[in-house]
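A.B. asks: test case, fold it:
(2 chains)
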Amino acid sequence: MNWNLFVTELVAGITHGALYALIALGYSMVYGILKLLNFAHGDIFMVGAFIGYGLMTVFGTPDTLTVNLAFLIALMLVCSMIGGGLLGVMVERFAYRRLRKAPRIAPLITALGVSFFLENAAQLVLGAQPVSYNSYAWKNSVLWTKGFTLPGNVHVGLPQLIVVVGAVVLMVLLTVFVQRTQTGKAMRATSFDQEAAAMMGIDVDRVIVVTFFIGSALAGAAGVFNGLVYQQTWPYMGFQAGLFAFTAAVVGGIGNLPGAVLGGLLIGLAEAFATGYLSSTFQQAIVFALLIAVMLVRPSGLLGRAAVQKV
Amino acid sequence: MDGGKDIPPLPARPDGGQPKVGVDSWVASYEGRREQGRGGPFGWLRYELLRAPRPAFYAGFGVLAALLPLVTSNGYVIRVGFDTLLYMLLALGLNIVVGYAGLLDLGYVAFYGFGAYAYAMLASPKFGIHWDTLLVIPVVMIATAILGLLVALPSRRLLGDYLAIVTLFFGQFFVTVVQNGNRISFLGMTRHYDITSGPNGIPDIDNWNLGGLHIGSLDGYYYTALVVFLLVLGAVYLVDTSRTGRAWKSLREDPLAAELMGMPVNRLKLIAFAFGAAIAGLAGALFAGLNTAVFAADFDVPTLIIIYAMLILGGAGSLGGVILGALVVNVSLELLRTPDHATLIFYVLLIVALALKMRPWAWLAGVLGGTLALGFVVHAIASSAWPRGVHGDPTVGGNLGRALDHWVLHPSSPRVIGNMAFVALVFVVLALTLMHGWRQKLALVPTLYLTAFVWDNRLVVEPSITRLILIGVILIVLMNARPQGLLGAARVEIV
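C.D. replies: Residues are numbered from 1 along each chain as shown, chains lettered A, B, ... in the order given. Have a look, this model is predicted:
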């Protein structure tokens, strides 16, 4: 057995899976409360990545960074989370709010339109050429030479570590927020039954805004994480990432937060191992097959409760 | 009545223009408004048009469309006409899935692409097969319908949201497979087969050959497309008015009630899905026949969104809306290609939209005049205080361009400032939707000027991106402001 290949793909799968999980959480949260597939979510991930890139360029080019790297990464994360969160709230306020009582298909088509608008507006303003975080060049690639080595002689750089640890920290924070705070309780209640929650005095509008903010902030953070590890950032990156994260949410059981994390890891691993062992062009096919398989065997997702479908 | 002789007559109603008790004044004046609507030549025309049977409109459209090659011999115009008919056909198929059955099919272009590729494989030197088109078309349509069924089946238990994700993924999957179809091998275990020629596409596809009738010219294809479209339109109209059509619409309105009435909800949805896919496959065969080459990139997400925009603009569920939506969207996207036309249409549309929406007239005059004045003032200030701001070249030629150059700022390096203005414009327009009354109208003045600035300096320069941005905006705005589209009937909300 080729340990090097196996461990390489394992690391790649977990790193990518953590990113998918972060994005999938936002999909799942919004779906849980509004029953809306927010196609624009992947594009918020893209905007987050560009906010991080823009901040980096404030401090110079990748080769000439003078600022403390820990401070820079933290700043990029915080700003992209705030920026992404505000964008999500704006999208909710201006595109989705009026459609809450409309037939189900109306907000879905609007979400398509928002996604298409964001992608192309980004292309107009930022250009179609990919930009690169180029984290290898930061201070003589200190980020990538540090780190540790796994069995099979696989080197894990700091960016990969940051991504996985950062994602876990954010997920733990989210869990604590949803389980322990009053707003989190209101979110769970709203997701369970919106009308009953409103009758109990929960401000449903506020809960929805908070949900969009948190979900989109996670996507924004994922954008910066993505840039740190995979470098490339371009206006259409949100589509594929969104599609895979979305699949992750469905595979794990949409509306279910641990399910989104599990689904994200599964999709990331499936993609990485498909690339390593089968074919680099057909990861999409593998992930699609996984989605179909889950739909056939467990239509409500791996961790989802069987929904009582009121047809 | 005879027995009522002794009863004194009722006292006259206190008149004073007040509505009768229990009768809404709006309802009470219904007859009057109806008569009024019939008055005048246009009112009469409108009334008669509303009464005319729908097939009469379709026939009228067919006659008008058939006149196009007689009016012009410009190949470009006829080509645009052919594309428009193709889009109408596509929107017609999508209308069945989205408009009638209420399913969100995001893999629709994949069926279109599948039809095109299937035609290409059955009628090209690629595999040396050259079937007659009369044979290819049924094969392609049935194959596409079966493919549609296969895609929809896994999500049949939860048709709805899951269908959207599965079909979206299927669309991407289709593009990937076709792009890499030149070296397909089963899990790396067999030898590599070339099925789709990958990114090179399939060239040298045969023209349509209907039982010996070769269609080689552009005009020929235009008429073929028209005939195909009218035939499909007729078929869809018949289905629409049939039992199945009524069932589709009832399950779109209320699936629960439809199921209680004994309708096989899932089977109906699958039929709609397969029907739509078959029409897309037919459109694909038409596309491949005229272009004589197919590439995977033609069947990607932008095409999908454009078809959706056509359907939504015209009004999902309305056949006339499909025709109108495809016509408006495709023609305006074509006009965007030349900056002169695009700018003229942009300003005309802006003014027409204002004239339609802004009441009373005084406000309209105020806003337009204010915007004009603001433009000249800003231009005058800028030319003395910031000369570089007016030194750029106008993007539009002719008299319009020269006139605009005195009104809109054209900075010598418009890219960066234009981008910032674009972002600012998005925020300003969003803020405008939150305002009311005179504040909104006052804020409209600088917004209009900013819009003109962004258009002249940025949007008209990049038509290929602008058209996609506009498509996104159309979807968002229509869904929020007029979900029934131009011709669709407003849905009555049942609480």
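A.B. asks: tell me which residues of stretch A:69-84 are tucked away?
C.D. replies: Using 16 or more other Cβ atoms under 10 Å in any protein chain shown as the test for burial, stretch A:69-84 gives A:72-73, A:75-77, A:79-84. Every residue, glycine included, has its C-beta placed from N, CA and C.
A.B. asks: ok, now stretch B:349-368?
C.D. replies: B:350, B:354, B:358, B:364, B:366-368.
A.B. asks: please apply the same query to stretch B:281-297.
C.D. replies: B:281-291, B:294-296.
A.B. asks: so which residues on the stretch 101-250 of chain A come close to chain B?
C.D. replies: For the stretch 101-250 of chain A, the contact set with chain B under Cβ under 8 Å from any Cβ of the partner chain comprises A:101-110, A:112-121, A:123-125, A:239-240, A:243, A:246-247, A:250.
A.B. asks: what about 6 Å?
C.D. replies: A:105-106, A:108-110, A:113-114, A:116-117, A:120-121, A:123-125, A:246, A:250 (Cβ under 6 Å from any Cβ of the partner chain).
A.B. asks: let me know the pLDDT of residue 192.
C.D. replies: If you meant another chain, say so; for now it's chain A. Confidence at residue A:192, expressed as pLDDT, is 87.
A.B. asks: try again with chain B
C.D. replies: Reported pLDDT for residue B:192: 71.
A.B. asks: now do the one 10 residues further on
C.D. replies: Note for residue B:202: predicted pLDDT of 84.
A.B. asks: next, the buried residues of the biggest helix by length in chain A.
C.D. replies: Ranked by residue count under DSSP state H, the longest helix found in chain A is helix A:3-34. Using 16+ other Cβ under 10 Å as the test for burial, helix A:3-34 gives A:6-34.
A.B. asks: ok, stretch A:271-280 next?
C.D. replies: Quick answer for stretch A:271-280 (16+ other Cβ under 10 Å): A:271-276, A:279.
A.B. asks: with respect to pLDDT, which of those ranks lowest?
C.D. replies: residue A:279 (72).
A.B. asks: surely residue A:280 is within a strand?
C.D. replies: No - according to DSSP: H, G, I helix; E, B strand; the rest coil, residue A:280 belongs to no strand; its state is coil.
A.B. asks: any idea how far it lies from residue A:274?
C.D. replies: Plainly put, residue A:280 is 8 Å away from residue A:274 if you go by Cβ to Cβ, to the nearest Å.
A.B. asks: just residue A:57 next, same as before
C.D. replies: 35 Å.
A.B. asks: could you do residue A:198 as well?
C.D. replies: On the measure of Cβ to Cβ, residue A:198 and residue A:274 end up 45 Å apart.
A.B. asks: which pair in the buried residues of stretch B:349-368 spans the largest distance?
C.D. replies: Across the buried residues of stretch B:349-368, the longest distance by Cβ to Cβ is 15.8 Å; it joins B:350 and B:366.
A.B. asks: buried stuff in the worst-scoring helix or strand of chain A on mean pLDDT?
C.D. replies: The helix or strand of chain A with the lowest confidence, counting by mean pLDDT, DSSP states H and E, is helix A:142-145 at a mean of 79. For helix A:142-145, the neighbour count (16+ other Cβ under 10 Å) marks A:143-144 as buried.
A.B. asks: can you name the residues in contact with that helix?
C.D. replies: A:135-136, A:157-159 (Cβ atoms under 6 Å, 6 or more residues apart in numbering or on different chains).
A.B. asks: make a ChimeraX selection of the buried ones in these.
C.D. replies: To isolate the buried members of the contacts of helix A:142-145 in ChimeraX, using 16+ other Cβ under 10 Å:
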select /A:135,157,158,159
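A.B. asks: export the contacts of helix A:142-145 as a markdown table, with columns for secondary structure.
C.D. replies: Output for the contacts of helix A:142-145, formatted as a markdown table (three-state DSSP):
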| residue | secondary structure |
| --- | --- |
| A:135 | coil |
| A:136 | coil |
| A:157 | coil |
| A:158 | helix |
| A:159 | helix |
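A.B. asks: got the CA positions of the helix or strand where residue B:449 lies in CSV?
C.D. replies: Here residue B:449 is covered by helix B:437-454, with elements defined by DSSP states H and E. Extracted C-alpha coordinates of helix B:437-454, given in CSV (Å, rounded to 0.1, in the frame of the first residue of the first chain):
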residue,chain,number,x,y,z
GLY,B,437,-42.8,59.6,-0.9
TRP,B,438,-41.0,62.8,-1.7
ARG,B,439,-37.7,61.6,-0.3
GLN,B,440,-37.6,58.7,-2.7
LYS,B,441,-38.4,61.0,-5.6
LEU,B,442,-35.7,63.5,-4.5
ALA,B,443,-33.2,60.7,-4.2
LEU,B,444,-34.1,59.4,-7.6
VAL,B,445,-32.5,62.4,-9.2
PRO,B,446,-28.9,61.7,-8.3
THR,B,447,-29.5,58.0,-8.7
LEU,B,448,-30.6,58.4,-12.3
TYR,B,449,-27.5,60.5,-13.0
LEU,B,450,-25.3,57.9,-11.3
THR,B,451,-27.0,55.2,-13.4
ALA,B,452,-26.2,57.1,-16.5
PHE,B,453,-22.6,57.6,-15.4
VAL,B,454,-22.1,53.9,-14.6
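A.B. asks: following that helix, which helix or strand comes up?
C.D. replies: Counting by DSSP H and E, the element after helix B:437-454 in chain order, helix or strand, is helix B:463-481.
A.B. asks: who are the packing partners of that next one?
C.D. replies: Judged by 3 or more Cβ pairs under 6 Å, 6 or more residues apart in numbering or on different chains; DSSP states H and E, the packing partners of helix B:463-481 are helix A:105-126, helix B:301-314.
A.B. asks: switch to 10 Å and redo it
C.D. replies: Under the contact definition 3 or more Cβ pairs under 10 Å, 6 or more residues apart in numbering or on different chains; DSSP states H and E, helix B:463-481 sits against helix A:105-126, helix B:301-314, helix B:319-335, helix B:339-357, helix B:414-434.
A.B. asks: okay, residue B:95 and chain A: tell me how far apart.
C.D. replies: As for residue B:95, its distance to chain A is 13 Å (criterion: Cβ to the nearest Cβ, to the nearest Å).
A.B. asks: for the residue nearest to that residue when sequence neighbours are not counted, the count of nearby residues, please.
C.D. replies: Among residues not flanking residue B:95 along the chain, residue B:322 sits closest, at 5.2 Å (Cβ to Cβ, 6 or more residues apart in numbering or on different chains). Using other Cβ atoms under 10 Å in any protein chain shown, residue B:322 has 30 other residues around it.
A.B. asks: contact partners for residue B:322?
C.D. replies: B:87-95, B:99, B:233, B:236, B:310-311, B:313-316, B:485, B:487 (Cβ atoms under 10 Å, 6 or more residues apart in numbering or on different chains).
A.B. asks: change it to 8 Å
C.D. replies: Residues near residue B:322 by Cβ atoms under 8 Å, 6 or more residues apart in numbering or on different chains: B:88, B:91-92, B:95, B:310-311, B:314.
A.B. asks: of those, the lowest pLDDT goes to which?
C.D. replies: residue B:314 (86).
A.B. asks: now the closest residue in space to that one that isn't next to it in sequence: how far from residue B:111?
C.D. replies: For residue B:314, ignoring the flanking residues on the chain, the nearest one in space by Cβ to Cβ, 6+ apart is residue B:325 at 2.6 Å. Distance from residue B:325 to residue B:111, counting by Cβ to Cβ: 19 Å.
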